[in-house]
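J.: Structure, please.
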Amino acid sequence: MQSEGGPIRPRMRLSFVLQNTLSSAVTFTGLGLHSGQMARMTVRPAPADHGIWFRRTDLGGALVPAHWDAVTPSRLCTVIENADGVSVSTIEHVMAALAGSGVHNALIDIDGPEVPILDGSAVPFVAGFLDAGIEGLESPVRAIRVLKPVEVREGDAVARLEPAEMLEIDFRIDFADAAIGQQAHRLNMANGAFVRELSDSRTFCRQADVDAMREKGLALGGTLENAVVFDGDRVLSPGGLRHADEPVRHKMLDAVGDLALAGGPILGRYTGVRAGHALTNRLLRALFADPDAWCAVACGPQTFGKLPGVGVHPGDLPVARA
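T.: Below is the predicted model of the structure:
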């Protein structure tokens, strides 16, 4: 990872919270979790109202929007695709890091089809963004306010959005493996909570799932250093868990990244029960399909402390991962 240092300057203008971008570019290099291909990804500053876009430098600079309606079906990760079929996969961790750091605009150059997995969490991305510096732009943040409950289901899995004053994540999981079992956690994402509480939680899987994925040509870049692997009542990854409930915290991290594809910060409560990437995207599609379920709002002073990333600083990074 390479970056250029810079100060963090959250800003307001009159009665609006201003959008942010990076002060300088930051580069990350590593393997893709599923492809096993080495990728170099540079996250660059972008102007106000640009949003988040990926640019495939290996394919002539083809642009792919990081937006809910560009998501293409995939069970194991979040994949976005443009109208020409150019895609970028496993974007959820870097999207969570951008949202959790309060970065609303960025152009992401990548020379391959998959975002580097790094250590399996979002914390290397967050550390890079904070080191590069975050600065305000001359345009207000426009958030998505949830006005009424919206819910989607698939079997025992549920994803739900309902009104709340800030983004809240409530997640529950249930695995047969004794080392995971039933876990539940709930957090609001204000005041750096994502960085402190969720950013270092790593992707996880069961050893049986690893074997099955590799038979299908997936998880080719997965190692015990970039994923937590469970086998019954054992944690196979060296050093064990970073949190006793690291699996459910990682599911919350994924949800933050997938909700970041809404096109603006969400003001609402997300509840996930055994939910995954595909179900969260279905939830966003259901939300935006109902014009009575949401509205766009320019964020004023009363919202300032409720947005993810507002006031985040390097001291919020988990000490062992900074």
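J.: avg pLDDT for stretch 185-205?
T.: The pLDDT scores in stretch 185-205 average 94.
J.: tell me how far that stretch is from the chain's mean position?
T.: 10 Å (CA atoms, centre = their mean, to the nearest Å).
J.: Please point out which parts of that stretch sit buried.
T.: Neighbour-count burial for stretch 185-205, counted by 16 or more other CB atoms under 10 Å, picks out 185, 187-205. Where C-beta positions appear, they are placed from N, C-alpha and C, glycine not excepted.
J.: mind checking the end-to-end distance for that stretch?
T.: End-to-end distance for stretch 185-205, by CA to CA, to the nearest Å: 19 Å.
J.: what does stretch 92-109 give?
T.: End residues of stretch 92-109 are separated by 16 Å (CA to CA).
J.: again, but for stretch 153-172
T.: Stretch 153-172 has an end-to-end distance of 14 Å (CA to CA).
J.: And for stretch 84-100?
T.: OK, stretch 84-100 end separation, CA to CA: 30 Å.
J.: Now find how far off-centre it is within its chain.
T.: So, by CA atoms, centre = their mean, the centroid of stretch 84-100 is 7 Å from its chain's centroid.
J.: now stretch 228-246
T.: 22 Å.
J.: Can you give me the neighbour number for residue 64?
T.: 23 (other CB atoms under 10 Å).
J.: Give the next helix or strand downstream of the helix or strand harbouring it.
T.: Here residue 64, judged by DSSP states H and E, is contained in strand 62-65. Next along the chain after strand 62-65, taking DSSP H and E as the criterion, comes strand 71-72.
J.: just to revisit the earlier point, pull up the pairing partners for the strand holding residue 64, direction included.
T.: strand 52-56 (antiparallel) (DSSP bridges).
J.: Which residues does the partner strand contact?
T.: Outside strand 52-56, the residues within contact range by CB atoms under 8 Å, 6 or more residues apart in numbering are 46, 61-66, 80, 86, 88, 91, 95, 98, 104-111, 113, 260.
J.: Now, those that are in helices?
T.: Judged by DSSP state H, the subset of those located in helices is 95, 98.
J.: Generate a PyMOL selection restricted to the buried subset of the contacts of strand 52-56.
T.: A single PyMOL command selects the buried members of these (16+ other CB under 10 Å):
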select buried, resi 46+62+64+65+66+80+86+88+91+95+98+104+105+106+107+108+109+110+111+113+260
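J.: sorry, back to before: can you name the residues in contact with the strand holding residue 64?
T.: Contacts for strand 62-65 (CB under 8 Å, 6+ apart): 51-56, 70, 80-82, 84, 86-88.
J.: Just the buried residues of the residues you listed.
T.: If we count by 16+ other CB under 10 Å, the contacts of strand 62-65 have these buried: 51-56, 70, 80-82, 86-88.
J.: TSV for the residues you listed, including pLDDT?
T.: As requested, the buried ones among the contacts of strand 62-65 are exported to TSV (pLDDT from 0 to 100):
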residue	pLDDT
51	98
52	98
53	98
54	98
55	98
56	98
70	98
80	98
81	98
82	98
86	98
87	98
88	98
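J.: Tell me the one among these nearest to residue 316.
T.: residue 52 (21.4 Å; CB to CB).
J.: what residues go with each domain of this structure?
T.: Here the domain parsing of the chain from automatic domain parsing is 2-140, 143-306.
J.: I'd like to know which of those domains lies nearest to residue 318.
T.: domain 143-306 (4.4 Å).
J.: Might you list the low-confidence residue ranges for the stretch 1-150 of the chain?
T.: 1-14 (pLDDT under 70).
J.: Select, out of the domains of the chain, the one closest to residue 316.
T.: Comparing these under CB to CB, the one sitting nearest is domain 143-306, at 4.1 Å.
J.: Tell me the span between the first and last residue of the closest one.
T.: 11 Å.
J.: again, but for stretch 231-243
T.: End to end - CA to CA - stretch 231-243 spans 18 Å.
J.: low pLDDT regions in the stretch 151-300 of the chain?
T.: Using pLDDT under 70, nothing in the stretch 151-300 of the chain is flagged.
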